[in-house]
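Asker: Pasting the sequence and the predicted coordinates here, then a few questions.
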Amino acid sequence: MIQLIQRLHRGIPASVIAAHGTVSLEIGLDLSSSFLSGFINSSSTLFRLVHLQTLNLADNYFNESQIPSAIGLLSRLTYLNLSFSIFAGQNPLEISSLTKLTFLDLSRNSTELLKPGLTSLVQNVTGLKELYLSGVNMSSTVTHNLANFSSLTSLFLQSCELQGEFPPGIFKLPNLQFLSVQNNPDLNVYLPEFHMRSPLKKLELGSTNFSGELPNSIGNLYSLNELDISGCTFSGSILSASIGNLAQLLYLSLSGSNFFGELPNSMGQLKSLNRLEMSRCNFSGPIPSWFGQIPSSFGNFTQLQNLRLSFNLLHGPIHESISQLVNLQVIYLDGNNLTVELDVFLTLKNLTTLELSVVLKPQQQPYPKAPAYMDMEHEYTNSRHP
């Protein structure tokens, strides 16, 4: 059902009205997830609502129709969300006339920004705070103009077929907290030196054409919660010890990158990690002593739920203290040369998936009631049932 939402701030004390001289009126239309289907054409009565400030049509089914050019008539819009609504074709240039926009989401449709492209779309909406264009086919470079969008807090450009060099100035935007350009294999990314005041909380660069080194200054991103640099090729392939400075990190993915050598001991300082993915690298040496040891540094990994270290060059025993990591749900250690006593996993009551390629210690045989799926050299498989 179409519902026009008008919010009038009522009941404001007379003293407040006297101080500010006005009562704010905000007009918005929220039709997200309303099971709408069909087409919207430029003659629709929707585009007569010229006082609209927010419009949300996300998560509907518009049958691969094109976003109408009449969207440009809604010149007072500050918020426009057309994501996940099965639009297709070229995004209209008229969106660029919505100069008051602070939020724009066109992601996850089958649309494109070819002629005109990204540069034309954003050239007039310089007050944007949040821009979501993931899944929009651009087949172009990223405009350097975005490095001047000082209000930008979120920029999502995943899977856009981007090319050329990613403007390094974007990393240094003073308010940018969330940046994702993953799954653009022809996008050349080079990380600058990061300063300690960076507000970045999420940085996703996975599966881009990364060049250069992972700088030591990555450790200056003290606010970072998520870091994904999987599938990248680094010229300096020893993981910087400064990564241990990222105390707020919840998610770290290095899988498929060309790091080698031993895992740095500083990683034991990552107290908040709940997901750690480092499969298909070339890390070598024993499983680090800080895994699972309580109360030493890796005792801080008690929040860890998902651990993936498959297909590295790790060797030696899996320390029994891993059993102290009681929140573990998924463990992938296959493709290494490890030894284990299986009973170390039996206390992990939340474990649902366990994959190992291990050498069982001679005195042991596989346990018939192991708590998770196991894929081992002995080809023993058991699934836990409730």
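Answerer: Done, it's in.
Asker: What residues are bridge-paired with Phe103?
Answerer: Beta-bridge partners for Phe103, by DSSP bridges, are Tyr79, Glu130.
Asker: how near is it to Leu55?
Answerer: 10 Å (C-beta to C-beta, to the nearest Å). (Each C-beta comes from the backbone N, C-alpha and C, glycine too.)
Asker: Could you pull out the residues contacting both of those two?
Answerer: Both Phe103 and Leu55 are in contact with Tyr79, Leu80, Asn81, where contact means C-beta atoms under 8 Å, 6 or more residues apart in numbering.
Asker: List the buried residues for stretch 50-57?
Answerer: For stretch 50-57, the neighbour count (16 or more other C-beta atoms under 10 Å) marks Leu52, Thr54, Leu55, Asn56, Leu57 as buried.
Asker: What is the end-to-end distance of stretch 224-240?
Answerer: The straight-line separation of the ends of stretch 224-240 (C-alpha to C-alpha, to the nearest Å) is 16 Å.
Asker: Now do the contacts for the nearest residue to Ser69 once chain neighbours are set aside.
Answerer: Nearest residue to Ser69 in three dimensions, chain neighbours excluded: Pro92, at 4.3 Å (C-beta to C-beta, 6 or more residues apart in numbering). Pro92 makes contact with Gln66, Ile67, Pro68, Ser69, Ile71, Gly72, according to C-beta under 8 Å, 6+ apart.
Asker: Tell me how far Pro92 lies from Tyr132.
Answerer: Going from Pro92 to Tyr132 by C-beta to C-beta gives 17 Å.
Asker: Please apply the same query to Glu213.
Answerer: Distance from Glu213 to Tyr132, by C-beta to C-beta: 30 Å.
Asker: And the two? Which one has more around it.
Answerer: Looking at Glu213 and Tyr132 with other C-beta atoms under 10 Å, you find the greater number of neighbours at Tyr132, namely 22 against 15.
Asker: Tell me, what's the model's pLDDT at the more buried one?
Answerer: According to the predicted model, the pLDDT of Tyr132 comes to 98.
Asker: which residues touch it?
Answerer: Contacts of Tyr132 (C-beta under 8 Å, 6+ apart): Ser83, Leu104, Asp105, Leu106, Ser107, Ser154, Phe156.
Asker: quick check, distance from whichever helix or strand Leu354 is part of to the centre of its chain.
Answerer: Using DSSP states H and E, Leu354 sits in strand 353-355. Centroid separation for strand 353-355 versus its chain: 25 Å, with C-alpha atoms, centre = their mean, to the nearest Å.
Asker: and what of stretch 28-40?
Answerer: Relative to its chain's centre, stretch 28-40 lies at 27 Å (C-alpha atoms, centre = their mean).
Asker: Could you give the separation between the terminal residues of that stretch?
Answerer: Using C-alpha to C-alpha, the end-to-end distance of stretch 28-40 comes to 18 Å.
Asker: Give me the buried positions along it.
Answerer: Residues of stretch 28-40 classed as buried: Gly28, Leu29, Asp30, Leu31, Ile40 (neighbour count, 16+ other C-beta under 10 Å).
Asker: With stretch 339-359 instead?
Answerer: Val340, Glu341, Leu342, Val344, Phe345, Leu348, Leu351, Thr353, Leu354, Glu355, Leu356, Val358.
Asker: Closest one of these to Gly256?
Answerer: Distances from Gly256 to these, taken as C-beta to C-beta, are shortest for Glu355 (17.1 Å).
Asker: What's opposite the closest one in the beta bridge?
Answerer: Going by DSSP bridges, Glu355 forms beta bridges with Tyr332.
Asker: Relative to the whole chain's centre, how far out is the host helix or strand of Ser120?
Answerer: Taking DSSP H and E as the definition, Ser120 sits inside helix 118-122. In this view, helix 118-122 has its centroid 23 Å away from the chain centroid, taken as C-alpha atoms, centre = their mean.
Asker: How about stretch 46-64?
Answerer: Taking C-alpha atoms, centre = their mean, one finds stretch 46-64 lying 27 Å from the centre of the chain it belongs to.
Asker: Please renumber the chain so that the first residue is 4 from this point on.
Answerer: Shifting the count to begin at 4 puts that one at stretch 49-67.
Asker: Dump it to PDB, keeping only the CA atoms.
Answerer: Only the C-alpha atoms of stretch 49-67 are listed here, as PDB (Å, rounded to 0.1, in the frame of the first residue of the first chain):
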ATOM      1  CA  LEU A  49       4.900  10.200  -8.100                       C
ATOM      2  CA  PHE A  50       6.800  12.900  -9.900                       C
ATOM      3  CA  ARG A  51       4.200  15.500  -9.000                       C
ATOM      4  CA  LEU A  52       5.300  15.200  -5.400                       C
ATOM      5  CA  VAL A  53       7.800  17.900  -5.900                       C
ATOM      6  CA  HIS A  54       8.100  18.600  -2.100                       C
ATOM      7  CA  LEU A  55       9.400  15.200  -1.400                       C
ATOM      8  CA  GLN A  56      12.700  15.200   0.600                       C
ATOM      9  CA  THR A  57      13.100  11.400   1.000                       C
ATOM     10  CA  LEU A  58      12.100   8.600  -1.400                       C
ATOM     11  CA  ASN A  59      12.700   4.900  -0.700                       C
ATOM     12  CA  LEU A  60      11.700   2.400  -3.300                       C
ATOM     13  CA  ALA A  61      14.200  -0.300  -2.300                       C
ATOM     14  CA  ASP A  62      13.500  -4.000  -2.500                       C
ATOM     15  CA  ASN A  63      10.700  -4.100  -5.000                       C
ATOM     16  CA  TYR A  64      10.300  -5.600  -8.500                       C
ATOM     17  CA  PHE A  65      10.200  -3.100 -11.400                       C
ATOM     18  CA  ASN A  66      10.600  -5.700 -14.100                       C
ATOM     19  CA  GLU A  67      13.900  -4.500 -15.500                       C
END
